[in-house]
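In: coordinates only, no sequence provided:
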């Protein structure tokens with residue numbers, strides 16, 4: 001039986017940063033955009049049949065930094081898939 005649960009916060013490690021880069025690259029491929037990855041602000045991990053990662057990240061769009069949310073699924077075979085990517089706010093707008 002696969003254990004599943006609610007997403008939990010995880011530390012922004014080099015592996016999480018790599019997932020952020022992957023999310024931006026995949027979004028660029030799918031949408032024909034040219035976002036440039038800047039950093040991962042926060043991450044949540046959810047165990048499913050593999051892992052869902054919910055990332056809040058910063059990327060530059062034509063010189064303007066924006067905040068995005070991305071969902072990346074990583075299978076038990078370590079295959080990655082971008083399942084969602086959306087603009088949250090320009091980075092200059094305080095989020096808290």
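Out: Structure's in. What do you need? Note that the structure is a prediction, hence the values are computed from the model and not measured.
In: which parts of the helix or strand in which residue 20 is found are buried?
Out: In this structure, residue 20 sits in helix 14-31 according to DSSP states H and E. By neighbour count on 16 or more other CB atoms under 10 Å, the buried set for helix 14-31 is 16-17, 19-20, 22-24, 26-28. C-beta: built from backbone N, CA, C; applies to glycine.
In: and these as a markdown table, adding distance to residue 82 and pLDDT?
Out: Shown next, in a markdown table, are the buried residues of helix 14-31 (distance: CB to CB, whole Å; pLDDT from 0 to 100):
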| residue | distance to residue 82 | pLDDT |
| --- | --- | --- |
| 16 | 15 | 98 |
| 17 | 15 | 98 |
| 19 | 10 | 99 |
| 20 | 11 | 99 |
| 22 | 7 | 99 |
| 23 | 5 | 99 |
| 24 | 9 | 99 |
| 26 | 4 | 98 |
| 27 | 6 | 98 |
| 28 | 10 | 98 |
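In: tell me the one among those nearest to residue 76.
Out: Relative to residue 76, the closest of those is residue 19; by CB to CB it sits at 15.7 Å.
In: right, and the closest one touches residue 80 too?
Out: Yes: between residue 19 and residue 80 a contact is recorded at 7.2 Å, counting by CB atoms under 8 Å.
In: which neighbours do the two share?
Out: 72, 74 (CB atoms under 8 Å, 6 or more residues apart in numbering).
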